[in-house]
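Participant: The sequence and its predicted three-dimensional model are supplied below.
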Amino acid sequence: MVGPCAMIERNTTIGERNRIWQFAAIGAEPQDLKFKGEPSVVEIGDDNMIREFATIHRGTEGGGMKTKVGSHTLVMTYAHVAHDCIIGDHVILAACTGLAGHCVIDEYAICEGQVGVHQFSRIGTHAIVAAGAKVAQDVPPYSMVAGTERARLAGVNEVGLQRRGFKPETIAALKSAIRTLFFSKMLRDDAVKQVLGEYGTVAEVVRLVDFINNSKRGVVGRERE
């Protein structure tokens with residue numbers, strides 16, 4: 001379904017069973033001064049809902065030529081997905097969320113209303129970003145961050161993980177790992193070593209550690225006193 005006055009421009013591929021509400025704009029040229037008309041694309045998967053006045057712009061040569069939205073994702077009213085962003089499956093971008101260029105949002109992540117995400121930032125799987133937060137670094141998977149001036153780590157997205165069926169022992173391991181990694185006074189390398197020694201058999205903890213080790217922007221940390 002495509003609502004009235006919605007715009008779907010060239011080089012846009014859309015899968016099955018998507019609903020695009022009125023006045024949404026998909027596939028427009030990116031808002032990037034380096035863009036010179038290259039034939040970049042937007043790719044959208046299946047079963048997505050893209051609400052009124054949402055915007056999804058094409059990629060650029062400097063970012064792989066592609067903006068991609070997965071499947072089963074909700075893009076709410078006035079949300080903006082900029083050039084070269086990669087959005088995973090089952091993501092929620094709430095009203096007025098703004099993603100700058102080259103952002104990566106992993107599966108099941110949630111950005112609440114009026115979230116702003118700096119270019120090249122990544123939000124990890126099953127993370128939640130509280131309303132009004134300003135994200136300038138990578139958000140660790142399974143975490144919750146908040147902060148209108150600068151997003152800071154608040155802890156584990158415990159309620160979200162419970163709703164998605166994570167086992168209590170997995171949630172407990174993630175909580176312990178995040179306490180050690182972010183809230184202890186240990187050096188990061190020592191904290192990683194301790195966490196892997198205790199929970200190296202828990203796939204979610206390993207993914208958390210890998211995310212931190214591979215971050216190019218650095219990860220959102222806790223509030224410092």
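Facilitator: Right, received. Where do you want to start? Numbers count the residues shown, from 1 in each chain.

Participant: how close does R188 sit to I212?
Facilitator: Note on R188: its distance to I212, by Cβ to Cβ, to the nearest Å, is 8 Å. Placement of C-beta: from N, CA and C, glycine included.

Participant: how about the helices of the protein, start to end?
Facilitator: Under the criterion DSSP state H, the chain carries helices at the ranges 158-163, 168-178, 188-199, 203-214.

Participant: Just give me how far the third one sits from the chain centre.
Facilitator: Right, helix 188-199. 26 Å (Cα atoms, centre = their mean, to the nearest Å).

Participant: for the last one, same thing?
Facilitator: Using Cα atoms, centre = their mean, the distance from the centre of helix 203-214 to the centre of the chain it belongs to is 16 Å.

Participant: May I have that helix as PDB, with CA atoms only?
Facilitator: Extracted in PDB, the C-alpha atoms of helix 203-214 (Å, rounded to 0.1, in the frame of the first residue of the first chain):
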ATOM      1  CA  ALA A 203      26.900 -15.800  22.900                       C
ATOM      2  CA  GLU A 204      25.300 -12.500  23.800                       C
ATOM      3  CA  VAL A 205      28.200 -11.500  26.000                       C
ATOM      4  CA  VAL A 206      30.700 -12.400  23.300                       C
ATOM      5  CA  ARG A 207      28.800 -10.300  20.800                       C
ATOM      6  CA  LEU A 208      28.800  -7.400  23.300                       C
ATOM      7  CA  VAL A 209      32.600  -7.600  23.700                       C
ATOM      8  CA  ASP A 210      33.200  -8.000  20.000                       C
ATOM      9  CA  PHE A 211      31.100  -4.800  19.400                       C
ATOM     10  CA  ILE A 212      33.200  -2.900  21.900                       C
ATOM     11  CA  ASN A 213      36.500  -4.100  20.500                       C
ATOM     12  CA  ASN A 214      35.500  -3.400  16.900                       C
END
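
Participant: outside of that helix, which residues touch it?
Facilitator: With Cβ atoms under 8 Å, 6 or more residues apart in numbering as the test, helix 203-214 has contacts from 124-125, 138, 140-142, 166, 170, 173-174, 177-178, 181, 188, 192, 195-196, 199-200, 219.
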